[in-house]
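Undergrad: My questions concern the predicted model and sequence given below.
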Amino acid sequence: MGEKVAISVGNVNLSGNCSPCQFNWSKDWGRPSAITFLPGNYTVSYVAPLKDNTLQAGYDNQYNVSVILPAELDVRNPLLASISPGANVTRFADNTTLIQWNKIRTFEIRFYDQWREQLLYLFGNFWIIIAIVLLLPFLLIMKRSE
């Protein structure tokens, strides 16, 4: 219920005006691991597992956040996806998607793959056919009574 839950990440990289930028891993007993570095303007990138087609994070301070979705994932259909307010979404020629926020503390993205979109269209077509089958007798009776 609103409690912070740490995730395991890998491939952590710190970049900025230093080459290479140094950071320290720390792991206190009973606490999640953290990285520390000198004050400055940095970009922290990492790879983390995704669960349930949703990515969300919360930070103690406001940050600029950028998320790059690979070509097989999409966020354009509002029936299947959602993005936190204030996002700038850019779709590139190679079908990757860049989603950016400026100075936010929390964000959430719900995305989908091509299979889910096809399943949505199949489900929609199924209900359209059922509606036609149920309405057809009513329309035929109305036409006869005229």
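TA: Arrived safely. Residues are numbered from 1 along each chain as shown.

Undergrad: And for residue 91, the neighbour number?
TA: Counted with other C-beta atoms under 10 Å, the burial measure for residue 91 works out to 13 neighbours. C-betas here are computed from N, CA, C, even on glycine.

Undergrad: Look up the closest residue to it, ignoring the ones flanking it.
TA: residue 97 (5.4 Å; C-beta to C-beta, 6 or more residues apart in numbering).

Undergrad: Which residue would you name as the spatial centre of the chain?
TA: residue 109 (2.7 Å; C-alpha atoms, centre = their mean).

Undergrad: Got the phi and psi for that residue?
TA: phi -130, psi 130 (degrees, to the nearest 10).

Undergrad: so who does it touch?
TA: Residue 109 is in contact with 54-56, 67, 69, 75, 81-84, 99, counting by C-beta atoms under 8 Å, 6 or more residues apart in numbering.

Undergrad: Quick one: buried ones out of the residues you listed?
TA: The neighbour count (16 or more other C-beta atoms under 10 Å) marks 55, 67, 69, 75, 81, 83, 99 as buried among the contacts of residue 109.

Undergrad: shouldn't the residue nearest to residue 91 be in contact with residue 90?
TA: Yes: using C-beta atoms under 8 Å, residue 97 is in contact with residue 90, at 7.1 Å.

Undergrad: Between the two, which has more neighbouring residues?
TA: Neighbours were counted for residue 97 and for residue 90 using other C-beta under 10 Å; residue 97 has more, 19 against 11.

Undergrad: partners of the more buried one in the sheet?
TA: residue 69, residue 91 (DSSP bridges).

Undergrad: Check it and give its pLDDT.
TA: Looking at residue 97, its pLDDT reads 94.

Undergrad: One more: residue 116?
TA: At residue 116, pLDDT is 90.

Undergrad: which element is it on?
TA: Following DSSP states H and E, one finds residue 116 within helix 114-145.

Undergrad: what's the closest non-adjacent residue to residue 53?
TA: residue 111 (5.6 Å).

Undergrad: so that neighbour touches residue 72, yeah?
TA: No: if you go by C-beta under 8 Å, residue 111 and residue 72 don't touch, sitting 9.9 Å apart.
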